[in-house]
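>>> kindly return the folded structure for what I paste below:
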Amino acid sequence: MDLDGGNKRVYQRLGGPSGDSKHQKVCYHWQAGKCNRHPCPFLHSELPTPNVNGTSSKRPHGSADNSGFSGHRRNPHFNNTWGRGGGRGGGRGASGGVVGGDMSVVRKADKVCNYWIQGNCNFGERCKFLHSWNTGDGFSMLTQLEGHQKCVAVINLGGEVGCMISEGPWVFVGIPNFVKVWNTQNSMELSLNGPVGQVYALVVNNDMLFAGTQDGSILVWKFNVVANCFEPAASLKGHTRGVVSLVVGANRLYSGSMDNTIRVWNLENLECLQTLTDHTSVVMSVLCWEQFLLSCSLDKTVKVWYATESGNLEVTYTHNEEHGIVTLCGMHDAHGKPILLCSCNDNTVRLYDLPSFAERGKIFTKQEVRAIQAGPNGLFFTGDGTGQVKVWNWTPEPIPTIQ
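Have a look, this model is predicted:
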């Protein structure tokens, strides 16, 4: 498909319920006859019956496979349905709990208890702050990995690390003025020069390596199989400030920049096809999923882009946050439902069901999460500015039994 030129349209969020979590899930304590929560955040009745078309009356979940968030298959569930399943506040995590014999409700503030972190909170369940690193259901923290002194610095590289990726046996690390390359099979080490300033983003497509740099260029190297080395191939110009995010999808390279724009590049001839200007601050992360491009920015928005029949990328939905958004990651939960993770600069990660953007849960950290990575067997990882890496696991939710 051709993505050059085109006008821009922004469709605002369309209606939908906005906050009653009782529409989300049947209380399994109630089904067992022992729910003592007043009020209970879940249904004390059976789920609605399927509609006449044989599909659930709940919001569509889209593809249930694990093909990842980089393909371009058409999925009719997602067409023109973004954001229609409920807005922020429609999450399924309980915000309070029942304590004591008087059945009084303690409303939890949206903040982790500092005394609990230190291991000496005396209030227990009566504490008004959270005694957990997350809210919501369907996922839990397995462990926390210690050791890093700072997420973005490694002493033996001679410079601050801006990004790191792996592809097959190769490991690529971006530092000021260089891309360091290692082959883990034969221990070969290379230094690719050419970048001006910090290397912020790296991506590999087929036999080409792309690097987004501080001066706004995207440098390209092509792997020479005979010489077993990476040779300079091109320098893509157009951004006026640093390129901080890169992603490949549908035979296109998408670059997000500090100049508030996204550029679309043809991977066959490396020409710029379109410049997207809807964001008003740094475009921190771009993500390809099926036929959509998702982007986030410090302007506090996530934008969903869709290619029209003419081939022009246009905004089909804008999701608003209260804080700037640092990075995006897409994955599937234990039931194969698509989930979007949004790291915000208020030291939280918001989890949303797609395409509805109904809130699924929230992760709290000491500093902002700068990296989110999906792993095997239902695992995913978050790394924050303190150097902590947390390991999370998707867990199947209890399935209500129909009486």
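>>> surely T301 and E322 touch.
No - between T301 and E322 there is no contact under C-beta atoms under 8 Å: 11.1 Å. From N, CA and C alone the C-beta is placed, and that goes for glycine too.
>>> which one of those two has more residues nearby?
Under the neighbour definition other C-beta atoms under 10 Å, T301 and E322 were set side by side, and T301 has more, 20 against 10.
>>> quickly list what the more buried one is bridged to.
In this entry, T301 is beta-bridged to N320, by DSSP bridges.
>>> report pLDDT for it.
Per-residue confidence (pLDDT) for T301: 97.
>>> mind checking how far it is from I325?
Going from T301 to I325 by C-beta to C-beta, to the nearest Å gives 7 Å.
>>> also I339?
Distance, I339 to I325, using C-beta to C-beta: 16 Å.
>>> between these two, who's got more neighbours?
Shown here are I339 and I325; by other C-beta under 10 Å, I325 has more neighbours (24 against 21).
>>> name the nearest residue to the more buried one, ignoring sequence neighbours.
C296 (3.8 Å; C-beta to C-beta, 6 or more residues apart in numbering).
>>> got the phi and psi for the one you found?
Backbone torsions of C296, given as degrees, to the nearest 10, read phi -130, psi 160.
>>> I'd say it and C342 touch.
Yes - contact criterion C-beta under 8 Å: C296 and C342 qualify, at 6.4 Å.
>>> overlap in contacts, those two.
Contact criterion C-beta atoms under 8 Å, 6 or more residues apart in numbering; residues shared by C296 and C342: V302, I325, T327, L328.
>>> where does the stretch 151-300 of the chain dip in pLDDT?
151-158 (pLDDT under 70).
>>> tell me the domain ranges of the chain?
98-135, 143-394 (automatic domain parsing).
>>> mean neighbour count, those domains: which tops it?
Scoring the domains of the chain by mean neighbour count under mean count of other C-beta atoms under 10 Å gives domain 143-394 as the most buried, with a mean of 18.
>>> still on that earlier bit, for the domains of the chain, which one sits closest to L43?
Minimum separation from L43 across the domains of the chain (C-beta to C-beta) falls at domain 143-394, 15.4 Å.
>>> start to end distance for the closest one?
13 Å (C-alpha to C-alpha, to the nearest Å).
>>> for stretch 283-301, same thing?
Stretch 283-301: ends 10 Å apart by C-alpha to C-alpha.
>>> contact partners for N393?
Contacts of N393 by C-beta under 8 Å, 6+ apart are F139, S140, M141, L142, G378, L379, F380.
>>> closest to N269 among those?
Out of the contacts of N393, the member with the shortest distance to N269 (by C-beta to C-beta) is F380, at 36.2 Å.
>>> and the contacts of stretch 174-182?
By C-beta under 8 Å, 6+ apart, stretch 174-182 touches 157-164, 170-173, 188-193, 195-202, 209, 211, 214, 221, 230.
>>> 6 Å instead, please
Contact partners of stretch 174-182, identified using C-beta atoms under 6 Å, 6 or more residues apart in numbering, comprise 157, 159, 161-163, 171-173, 189-193, 195, 198-199, 202, 211.
>>> which SS class is T81?
Here T81 is recorded as coil under DSSP: H, G, I helix; E, B strand; the rest coil.
>>> per-residue confidence for the residue nearest to it when sequence neighbours are not counted?
Counting by C-beta to C-beta, 6+ apart, T81 lies nearest to P355, which is 5.2 Å off, once chain neighbours are set aside. With respect to pLDDT, P355 scores 92.
>>> F364 now?
On the pLDDT scale, F364 gets 87.
>>> ok, what's across the strand from it?
When assigned by DSSP bridges, F364 has beta-bridge partners T348.
>>> about what we covered before: okay, and which of the contacts of N393 map to strands?
The strands, defined by DSSP state E, take in F139, S140, M141, L142, L379, F380 from the contacts of N393.
>>> redo those as TSV? Include pLDDT and distance to D259.
Output for these, formatted as TSV (pLDDT from 0 to 100; distance: C-beta to C-beta, whole Å):
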residue	pLDDT	distance to D259
F139	85	36
S140	82	40
M141	82	37
L142	79	39
L379	90	36
F380	88	31
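>>> let me see the contact set for the closest residue to R241 other than its chain neighbours.
Once flanking residues are discounted, R241 sits nearest to M258: 3.8 Å by C-beta to C-beta, 6+ apart. Counting by C-beta under 6 Å, 6+ apart, M258 touches R241, G242, V282.
>>> hmm, try it at 7 Å
R241, G242, V244, V282 (C-beta atoms under 7 Å, 6 or more residues apart in numbering).
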